[in-house]
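Student: Below is the sequence, then the predicted model.
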Amino acid sequence: MIANIKEKIKPMENELILGAIIILVALTGFGLGRLSKIREGKIPITVENMGATAVGAQEGLGASSSSIAGVGNNDKTLVASKNGTKYHYTWCPGAATIKEENKVFFASKEEAERAGYKPASNCKGL
């Protein structure tokens, strides 16, 4: 029975290979089309440099919360305690332990170090 099937397929071998190639190309094209449609809805990530100005750095360690609540609040990249010696990114665990009234914000590492702070060791990337 199997030998009988092999004899019937033998003359159509080239057509079967061609058909398999066409099906594989069609499935590959369909898959690529689906991938491009998925990527179409995603929003690209962009990184912008907002400038290097410190908020509250001019007041030094004695800055009050009212002096840092003014213009430039969008540059809150780094935070330190006016009673401490380390600065953190605002999303680091150490930043969450600082009381709101003791927070001093900086826009860059240079500004924080000029004000006398050192990077926190538990905050990755500092």
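Tutor: Yep, it's here. Since the structure is predicted, the reported quantities are computational estimates derived from the model, not experimental observations.

Student: For the rest of this, base every contact and every neighbour count on C-alpha atoms.
Tutor: Noted.

Student: Kindly list the single helix or strand of this protein that scores lowest on mean pLDDT.
Tutor: helix 2-9 (a mean of 77; mean pLDDT, DSSP states H and E).

Student: Off-centre distance for it?
Tutor: Distance, stretch centre to chain centre, for helix 2-9: 59 Å (C-alpha atoms, centre = their mean, to the nearest Å).

Student: With stretch 117-125 instead?
Tutor: That offset, for stretch 117-125, works out to 19 Å (C-alpha atoms, centre = their mean).

Student: for stretch 83-90, same thing?
Tutor: Worked out by C-alpha atoms, centre = their mean, stretch 83-90 lies 23 Å from the chain centre.

Student: Which strands and helices lie in contact with the least confident helix or strand of the chain?
Tutor: Here helix 2-9 touches no other helix or strand, going by 3 or more C-alpha pairs under 8 Å, 6 or more residues apart in numbering; DSSP states H and E.

Student: Which SSE is immediately downstream of that helix?
Tutor: Sequence order places helix 13-40 as the next helix or strand after helix 2-9, per DSSP states H and E.
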